[in-house]
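Colleague: predicted coordinates and the sequence they were generated for:
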Amino acid sequence: MADKKKSGSITMIHSLIGIAIMLLFRFLPISLPQVTPTGMEVLGIFLGTLYLWTTVDPMWSSILCIAAIGLSSYAPMAGVLATAFGNPVVVQVLFMMILTGALVEEKVTLYIGRWILTRKIAEGRPWVFTFAVCVGCYVMSIVMAAPMGPILLFWPIMYGVFQQLGISRDEKYAKLSIILVVLASLYGFPVPPYASNGLALLSNYRGIAAASGSNVVLNDAMYFICTFLLGLIMIAVTILFCKFVLRPDVSKLKDLKVADLNRNPLPPMNTLQKVLSIAFCVYVLAMLLPSWLPNAPGMAFLSANSLGLCLIFVAVLAAVHISGEPVIKIGKVITTQVSWPTYFLVTAAILIGSVLTSENTGISAFLNVILTPMFSGMNTVIFIIVLMILLMVLTNLCNSLVIGMILQPVILSFCTTNGVNAAPIVTLSIFLVLSCAIVTPAASPFAAMLFGNKERLDSKDIYKYGSILVLVELVGILVIGIPLTNIFMG
């Protein structure tokens, strides 16, 4: 009882500190060039929310963040709520949770996990198994042009593996592997130059270069090959670092024998499980085909409605009954499998990321005023190193796509002034800004999902291991990425 009272008191203190930061930061005697009074309000809300996300329950602190923005001078409450909960990514996150939650509810993920565990190549080789899982996340993220699918699919698979092998929540390997699933999925995010944020950043740079009269050649094929190889290399580097430096106990995986698992096989999949599995594969294909066959009949329709495909699949599978029950039991999945803290944290993180970089706040202008003079007179190698460090830091504080766009004019200005080929630098900046956003909840929706996974991870675990692994990525990009991009893009 005393421990509960003490814990409650600590939680209350943290709550009051976070709320005080939200309310009082704007009154500090700080003058930031270009930052408006609204920007100071938003900064206070962001810092207070970040503190609350770290120390207390992410659900109510995320709801408070949304409400605080609605009460600020940024925009009326109705507009803020529409922006927050009407964001297509937020809607997609919810329905992807329902779809993948149904795979968990019907135990389909157990079959996938068992299949991975029973591959002979992974027997007695825990890190080969880990590498295979990460490559699976990586490839799926590339083909879907989004990390969300592999994260929501492979997390439950790993939970099933943990349960089967008796790996507890508090073991280092369990924590690292959950983070590695997100990181490997993020490595695949910037690879496709034809979709999602990679396309947005490439198109943005081409646009600002053309507007300035600069002749920039960014070859999509070379970009794809370069980033694909870099992503695979970074997976290998990250896993080697975990194995030889972080050194989690993997003895339970090492002792696993395929013959032991085969002695206790899972029962054959029933009709409902098969239908659900086939439907999920069809959904993945429907997401991929528009980029593979853009000129085929119906592809334009699929591409235009890709964010809503999840809703259609969930609705159809809930309507279809097998043996008297729906393929997706929406009510049950929502109450047992959907992580509401994650949902609200993603919603708040996307909102605060867009608000921070709005013209009304002046924060983007402030960054340009500070950063542009900083890079003048630097040699190319020092410029790349400083740029990568800045991208890593800023990406983990604000929305990664927006930070990438903010710094692209700085890259263009430096390269034009110094006669430097911009293609390798742009390629590295896009890869890093989209793949390292995991250290704080505001970095990306996928980081928000990670911080919302309170059942498996504490915030301190993510800050600790996430920061270490992002630094490893930074070093890998500087040591391996610079020569690699110069070979392919130079």
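Modeller: The structure has been received and is ready for your questions.
Colleague: worst-scoring helix or strand of this protein, pLDDT-wise?
Modeller: Taking mean pLDDT, DSSP states H and E as the measure, the helix or strand of the chain with the lowest value is helix 258-262, at a mean of 68.
Colleague: Glu325 and Gly331, how far apart?
Modeller: 12 Å (C-beta to C-beta, to the nearest Å). C-betas here are computed from N, CA, C, even on glycine.
Colleague: Gly70 is in contact with Ala348, correct?
Modeller: No. Ala348 lies out of contact with Gly70 (C-beta atoms under 8 Å); the separation is 11.6 Å.
Colleague: of the two, who's got more company?
Modeller: Neighbour count, other C-beta atoms under 10 Å: between Ala348 and Gly70, Ala348 has more, with 29 against 18.
Colleague: buried ones in the helix or strand harbouring that one, by neighbour count?
Modeller: Here Ala348, judged by DSSP states H and E, is contained in helix 340-356. For helix 340-356, burial by neighbour count (16 or more other C-beta atoms under 10 Å) applies to 341-356.
Colleague: pull the CA atoms of that helix into CSV?
Modeller: The C-alpha trace of helix 340-356 is given here as CSV (Å, rounded to 0.1, in the frame of the first residue of the first chain):
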residue,chain,number,x,y,z
TRP,A,340,-5.2,2.7,-27.4
PRO,A,341,-2.3,4.4,-25.7
THR,A,342,-0.3,3.9,-29.0
TYR,A,343,-3.2,5.2,-31.0
PHE,A,344,-3.6,8.5,-29.0
LEU,A,345,0.2,8.9,-28.8
VAL,A,346,0.5,8.6,-32.6
THR,A,347,-2.4,11.1,-33.1
ALA,A,348,-0.8,13.6,-30.8
ALA,A,349,2.7,13.1,-32.2
ILE,A,350,1.6,13.7,-35.8
LEU,A,351,-0.3,16.8,-34.8
ILE,A,352,2.5,18.4,-32.7
GLY,A,353,5.0,17.6,-35.5
SER,A,354,2.9,19.5,-38.1
VAL,A,355,2.2,22.4,-35.7
LEU,A,356,5.8,22.9,-34.7
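Colleague: how about the helices in the stretch 351-490 of the chain?
Modeller: Ranges of helices in the stretch 351-490 of the chain, per DSSP state H, counting those that start in this stretch, are 363-375, 380-395, 400-418, 422-435, 445-452, 459-461, 467-476, 482-489.
Colleague: compare those helices and give me the one nearest Ile30.
Modeller: Of all the helices of the stretch 351-490 of the chain, helix 363-375 sits nearest to Ile30, with 11.7 Å by C-beta to C-beta.
Colleague: what stretches of the stretch 51-200 of the chain score poorly on pLDDT?
Modeller: Along the stretch 51-200 of the chain, segments meeting pLDDT under 70 span 113, 117, 143-145, 194-196.
Colleague: related to what we said a few turns ago, by contact count, what packs against the very next helix or strand once past the least confident helix or strand of the chain?
Modeller: Next along the chain after helix 258-262, taking DSSP H and E as the criterion, comes helix 271-292. Using 3 or more C-beta pairs under 8 Å, 6 or more residues apart in numbering; DSSP states H and E, the elements in contact with helix 271-292 are helix 88-105, helix 108-117, helix 126-144, helix 299-304, helix 309-319, strand 321-322.
Colleague: what average pLDDT does the fourth one get?
Modeller: For helix 299-304, mean pLDDT rounds to 81.
Colleague: equivalent analysis for the last one, please.
Modeller: Confidence for strand 321-322, expressed as mean pLDDT, is 93.
Colleague: got a list of contacts for the very next helix or strand once past that strand?
Modeller: Using DSSP H and E, the next helix or strand after strand 321-322 towards the C-terminus is strand 325-326. If you take C-beta atoms under 8 Å, 6 or more residues apart in numbering as the criterion, strand 325-326 is touched by 272, 317-320.
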